[in-house]
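>>> predicted structure and sequence below. I'll ask about it afterward.
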Amino acid sequence: MKDSEENMPNQPSGSDGEQKWARVRALQDAILLHLIENGSMKWSDLYLHFNENESVEIGSALGLLARSEHIAVEFDTTTTITAAGRERLLHGK
């Protein structure tokens, strides 16, 4: 199990849990790619940009990225991708 999977809050078991985790993981990758392509953004702008269908998964995705240090969040909520985030996109870690 990868570090970020261990930190998944209330991860349901079975196929529902696996589907949710796959959606969160895909969302995390999209967020990281977006930050590489567009540069730093405010946390709230990222949240609004990726909050399709008003899902709770964006909060989980952003929170996990921050806790795993794949993104850095400044005091003013400016969010940037870190070296670890770039590494994850390059090598799927």
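Nice, I can see it. Numbers count the residues shown, from 1 in each chain.
>>> now the helix or strand hosting residue 62: buried residues?
Counting by DSSP states H and E, the element that carries residue 62 is helix 57-67. Buried residues in helix 57-67, counted by 16 or more other C-beta atoms under 10 Å: 57-58, 60-62, 64-65. Backbone N, C-alpha and C define where each C-beta goes, glycine included.
>>> next: stretch 22-30.
Residues of stretch 22-30 classed as buried by neighbour count (16+ other C-beta under 10 Å): 24-25, 27-29.
>>> relative to helix 57-67, how tilted is the longest helix anywhere in the chain?
If each helix of the chain is counted by residues according to DSSP state H, the longest one is helix 14-38. Angle, helix 14-38 to helix 57-67, by axes from the mean of the first three to the mean of the last three C-alpha atoms, to 10 degrees: 70 degrees.
>>> now for helix 14-38, which elements pack on it?
helix 3-6, helix 43-50, helix 57-67, strand 71-73, strand 78-81, helix 83-91 (3 or more C-beta pairs under 8 Å, 6 or more residues apart in numbering; DSSP states H and E).
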